[in-house]
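[1] coords please:
(one chain, ligands or ions: 1)
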Amino acid sequence: MIELPEAIAFSKQINETLVGKKIRKALKGQNPHKFAFPMEGSNQLGGEYSNEDFDRILKEKTITKSWSNGNIILVQMDTNYLLSLGCGGEKIIYHKTEETIPKKHQLLLAFRDGTFFSATISGWGEVRLFKAEDLDKHPHIDYSKYDPLSEEFTFVTFEKLIEDIPDNRKRNAKRFFISEPGLRGIGNGVIQDIFFLAKIHPRREMSSLTKDERKLLYETTKVELQKMTELGGRDGEKDLFDNWGGYKRKMHSKVVDEPCIVCKTPIVKEQFGGGSIYFCPSCQKVD
Ligand SMILES: [Zn+2]
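    Numbering: from 1, shown residues only. As a prediction, this is how the structure comes out:
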């Protein structure tokens, strides 16, 4: 799944590779996908544009820049429209020749210089066109959440979010990071290594964290997300050139039952909070 580091990395690669390319043809919906956002004809932002509208609007336009917000990748053309991609398990690939274009895709841009760009959704994902002025209405950019790499996300802010948890509510670490209150662009992927390195169990109640634990968790979040970004995303995610990201994950499906790199205790996998969690039962205590 594309999360914050991958979205930033994609935008950087799009800026370096696709800016200046003129679109000859835009083919959308060649393989209709149930969870391609927005659903065509829906009243969601951009739902009014048909597959034909994509070609009509994007044809002869030049890509001018890309940036990201959370796990959403935004692409601007020399027109008053933005394209948004990402959010889910999308494969977003640049093709120097047509041989590498996948058989199934939800968006294919053919450029005037003979190169291509494709987006193929697995699970769910965005292929959305909308007016630039409506960016603040994007349903998958949660402006109420802090971007953990932003300057506003200070340790004071982080502590405040913990202190704001109502006394009568439980709020485990996983839920706190992903949804309540959640951090922008953070999902069930990046938190596995962050929690392991900060020695926090995903089930741990956030309000029970000591000052030192809060500090370590905050700093680990910033440092690891920065590393993931600089290394072009995690090694379980592909980049614009169909290469794996350079950040080597420590906690993932292949290390289950393998010894913890710190204490040699076998790593455990459990289902929790809608998805798998991986943890060292010795380094990451629940209580
Ligand atoms: Zn351990």
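[2] Please list all residues in contact with P32.
    Contacts here follow C-beta atoms under 8 Å, 6 or more residues apart in numbering; on that basis P32 touches nothing. C-beta coordinates here come from the backbone N, C-alpha and C atoms, glycine included.
[3] That one belongs to a strand?
    No. Checked against DSSP: H, G, I helix; E, B strand; the rest coil, P32 lies outside a strand; its state is coil.
[4] Tell me the first helix or strand C-terminal of the biggest helix by length in the chain.
    In the chain, assigned by DSSP state H, the helix with the most residues is helix 211-230. Once helix 211-230 ends, the next helix or strand along the chain (criterion: DSSP states H and E) is strand 268-271.
[5] Now do that next one: everything it contacts.
    S253, V256, S276, I277, Y278, F279, C280, P281.
[6] how about the strands of the protein, start to end?
    23-28, 36-37, 63-69, 72-77, 81-86, 91-95, 107-111, 116-120, 125-131, 268-271, 276-279 (DSSP state E).
[7] And the contacts of the fourth one?
    Here strand 72-77 makes contact (C-beta under 8 Å, 6+ apart) with 2, 7, 10-11, 14, 18, 23, 58, 61-68, 82-87, 92, 126, 132, 135, 138, 140-141, 185.
[8] Buried among the residues you listed? Make that a ChimeraX selection.
    Of those, the buried ones can be selected in ChimeraX as follows, counting by 16 or more other C-beta atoms under 10 Å:
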select :2,7,10,11,14,18,23,58,61,62,63,66,67,68,82,83,84,85,86,87,92,126,138,140,141,185
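[9] wait, what's in contact with K65?
    Neighbour list for K65: N15, V19, V75, Q76 [criterion: C-beta under 8 Å, 6+ apart].
[10] Please repeat the previous calculation with a cut-off of 6 Å.
    Shown in contact with K65 (C-beta atoms under 6 Å, 6 or more residues apart in numbering): Q76.
[11] please renumber so the chain begins at 310
    In the new numbering, first residue 310, that becomes K374.
[12] and the lowest-mean-pLDDT helix or strand in the chain, which strands flank it?
    Least confident helix or strand of the chain, by mean pLDDT, DSSP states H and E, is strand 345-346 with a mean of 92. Paired neighbours of strand 345-346 in the sheet (DSSP bridges): strand 434-440 (parallel).
[13] what's next to the partner strand, contact-wise?
    345-347, 354-355, 358, 363, 389-390, 392-397, 399, 415-416, 428.
[14] For that strand, buried residues please.
    Neighbour counts over strand 434-440 (16+ other C-beta under 10 Å) mark G434, E435, V436, R437, L438, F439 as buried.
[15] Output the residues you listed as TSV; include the columns distance to P511 and pLDDT.
    Compiled in TSV, the buried residues of strand 434-440 are given as follows (distance: C-beta to C-beta, whole Å; pLDDT from 0 to 100):
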residue	distance to P511	pLDDT
G434	25	95
E435	27	95
V436	32	96
R437	31	97
L438	37	97
F439	35	97
